[in-house]
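> Have a look; sequence and predicted model below, questions after that.
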Amino acid sequence: MTDGTLVDDTELDEAQVADYLRDTPDFFVRHGALLERLRLPHEQKGSISLVEARLERQRQRIQALEEEITGLMTVAGENERIFRVYVDLFPRLFACSSLSQLERLLARTFQQQLRLSAIMLVIDPRWRPVSSTLSGEQLERLYRERMVSRDIYLGRLGKDEKQRLFGDAMVSSCALVRLGARGEQGLLAFGSVDAGHYGAEKDTLFLSQLADVVSLLLPRLVADEQP
């Protein structure tokens, strides 16, 4: 009854019922017997009471939170492992006396300890005239298509791009990091067989720090390679 007028039950819709129950929190307190009689469909049990449904929802929320915490702990553990690899790597990089030694150390560290499928140090031949896997024109095209206005690219490459950078190595996702104050020295290219390893959400702090260290070392090491 509303304003003295009887309302036909068929005029009620789900939204009105939901609004009424939300605005009348003591409804089931006053109608406890109804609460016990109401049943909801359930995939395994056929039907359950509202009380059981609420308890099950709470259990599901607790389980989801536990899984989220487990996931965060797993990520934290993996980040700590990666951090320790970098901490060990940095002083060894400064001990390198040649460009080839630097390249071997990077390859061994990232392939064996961080399980990457490939890592390439590509020197821009326009910066220093040394042997390079990519020409200056190819590097410029890569910068233009993948790294406009950014120093790091995370994601996938086309078939030809992967072949030029990584050869026959199995690479499904990669990270490309410019070297030098303006990216003029070249780049570091990291490849993973995991298509989701280098996604847009991946943190790039360690990669940036590594690029800074390599950029400091390259002028001396490249100069020693030249006749």
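Cool, the structure landed.
> drop to CA atoms for contacts and neighbour counts, all remaining ones
Noted.
> Residue 41 - how many residues pack around it?
Neighbour count for residue 41, taken as other CA atoms under 10 Å: 11.
> swap that for residue 126, please
Residue 126: 14 neighbours (other CA under 10 Å).
> likewise residue 150?
Counted with other CA under 10 Å, residue 150 comes out at 11.
> Now do the helix or strand containing residue 80: which elements does it pack against?
Under the criterion DSSP states H and E, the helix or strand holding residue 80 is helix 50-94. With contacts taken as 3 or more CA pairs under 8 Å, 6 or more residues apart in numbering; DSSP states H and E, helix 50-94 sits against strand 39-42, helix 205-225.
> And for residue 27, nearest residue in space, chain neighbours not counted?
residue 21 (6.9 Å; CA to CA, 6 or more residues apart in numbering).
> Now that the one you found has come up, it's in contact with residue 14, right?
No. With contacts counted by CA atoms under 8 Å, residue 21 stays clear of residue 14, the gap being 10.6 Å.
> circling back to that earlier point, and the residue nearest to residue 27, helix, strand or coil?
helix (DSSP: H, G, I helix; E, B strand; the rest coil).
> Residue 216 and residue 93: what is the separation?
Using CA to CA, to the nearest Å, residue 216 is found at 10 Å from residue 93.
> where's the closest residue to residue 184 other than its chain neighbours relative to residue 20, distance?
Closest residue to residue 184 apart from its sequence neighbours, by CA to CA, 6+ apart: residue 127 at 6.4 Å. In this view, residue 127 and residue 20 are 73 Å apart by CA to CA.
> how far does stretch 193-212 stretch from start to finish?
Where stretch 193-212 begins and where it ends lie 26 Å apart, using CA to CA.
> in the chain, what spans have low per-residue confidence?
Along the chain, segments meeting pLDDT under 70 span 1-11, 29, 32, 35-40, 42-51, 53, 225-227.
> Give me the domain ranges for it.
39-95, 117-225 (automatic domain parsing).
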